[in-house]
Each structure stands twice: as structure tokens, then as C-alpha cells.
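K.L.:
Turn this into a structure:
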Amino acid sequence: MKLIGSFTSAYVRKARVVLAEKKLDYQFELENVWAPETKIVASNPLGKVPCLVMEDGSTMYDSRVIAEYLDTLTPVCKLLPANSRDRANVKVWEALADGVLDAAVLAYLERTWRPGEQQSQAWFDRQMGKVHGGLAVMAENLGEQPFCMGIHYTLADVAVGCTLGWLSFRFPDIDWRSAYPNLARLFDKLSERPSFKDTVPRTH
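P.N.:
Residues are numbered from 1 along each chain as shown. Below you'll find the predicted structure:
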């Protein structure tokens, strides 16, 4: 298998963490989807990463689909429960984490890519409202549990950890650690796992 991605994307990081937790061998191919010479559309018509390329040349995207597929390949470190309700709850956690990330990425692009005179403060505030609202619900649902789903490490934790890591990377001014100490404890615990240590966001 080959994973096409970048070192900065939290969505790519999610796929890389799952690959590491599942102990699956793969080739990692760096791709800058923003570069004029990017070839990502040859693998993913949406022009996004991560993109998983199978041995037969077929491709799979996005991160949620990739993570769910990878979890079926080996019984090592099962990240999605077999029980339908528990499985759905994990996917809701993942959707919440990805939703916070989606909004944060849009806010980041608004502030860093769009010329100042074209930026919309209302648009930025709307996205950041989603970020802060999502973080509050994450913290409330986590409570004092060791992991998102209780005592078991799941894909929910992977998704939440990748989102929190990206917020620290791109929005260091958001003090979510002080606001939500239980999320900080979870993130610190996840950050000790080799899968997270080896995939810390970086620009190069």
C-alpha cells in the first residue's frame, strides 16, 4: 500500500496513526496539494490528502474511509468496536473531531491565504465558533474517562488527538489546554504513544 499525504495535515496524520497502530507496512509519498505541479488529482479527483493507493492501483479516500478500511485488515489494536451502537458512537466522536478540524482549517486558510482586504471577520468568527463549540462538547463527553469511549482506546481517540495536535500546531493562541484540562490529559497520554510521537505535525 501507498499513502499519499503531507506532514502538516491532521487527516493524513490520522491515517498514519492507524497504520502504525495496526502495524501495517506502507510507503509514504509526500504531496503538496497546493503546489501548481501537484499530481494528486490523478489519484483523488477531489485533490485532497490522504489518499490510499492499493496494490492493484485502486485508490481510497477520505481519512474516515481509510481508517475504517485499515481497521479490518488485521486484528491488531482493534479501533472500531463490533457492537453497532458502540461503533456508531466512535464514528460520532470521529465526526465531531473532524468537524472541529474542518472549521479550524477554513479559519486558518482565511487568515493566512486570503489577502487582508478580502478576509471576512464574520466568516472567521463563524468557523471559530464551531471550533470552540466542538471542543466544549468533546470535553463534556470525555468527562473523567481515560479514553473517549471509556477504558478502551479507539479510533475516537485517534481522531480527537490528531485534531488537538493540529490546533496546537496552527493555532497556538487557542488555550484549549487550560479551558479543558481533561482534553489536555488525554492528549498528553496519546502523545506518549509511538504512533503519535512519529507523526507530530511539521512543515518539512
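K.L.:
Could you use CA atoms for every contact and neighbour count after this?
P.N.:
OK.
K.L.:
check contacts around Val41.
P.N.:
Going by Cα atoms under 8 Å, 6 or more residues apart in numbering, Val41 touches 47-48.
K.L.:
do the same with the one 10 residues further on
P.N.:
Cys51 makes contact with 3-5, 43-44, 59-63, 66, according to Cα under 8 Å, 6+ apart.
K.L.:
Per the annotation, how does this structure divide into domains?
P.N.:
What automatic domain parsing lists as the domains of the chain is 2-71, 84-197.
K.L.:
hang on, the earlier thing: out of the contacts of Cys51, which are inside helices?
P.N.:
Among the contacts of Cys51, DSSP state H puts 63, 66 in helices.
K.L.:
Make TSV out of the contacts of Cys51 and add pLDDT and distance to Glu94.
P.N.:
Compiled in TSV, those are given as follows (pLDDT from 0 to 100; distance: Cα to Cα, whole Å):
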residue	pLDDT	distance to Glu94
Leu3	98	20
Ile4	98	21
Gly5	97	19
Ser43	95	24
Asn44	96	22
Thr59	97	22
Met60	97	18
Tyr61	97	15
Asp62	95	13
Ser63	98	10
Ile66	98	13
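K.L.:
how about the strands in this protein?
P.N.:
Using DSSP state E, the strands of the chain run over 2-5, 27-30, 51-53, 59-60.
K.L.:
related to what we said a few turns ago, between the domains of the chain, which one is nearest to Lys78?
P.N.:
domain 2-71 (6.3 Å; Cα to Cα).
K.L.:
Any idea how far apart the tips of the closest one sit?
P.N.:
16 Å (Cα to Cα, to the nearest Å).
K.L.:
Distance from it to the middle of the chain?
P.N.:
Its chain's C-alpha centre and that of domain 2-71 lie 12 Å apart, by Cα atoms, centre = their mean, to the nearest Å.
K.L.:
swap in stretch 130-139?
P.N.:
Counting by Cα atoms, centre = their mean, stretch 130-139 is centred 15 Å from the centre of its parent chain.
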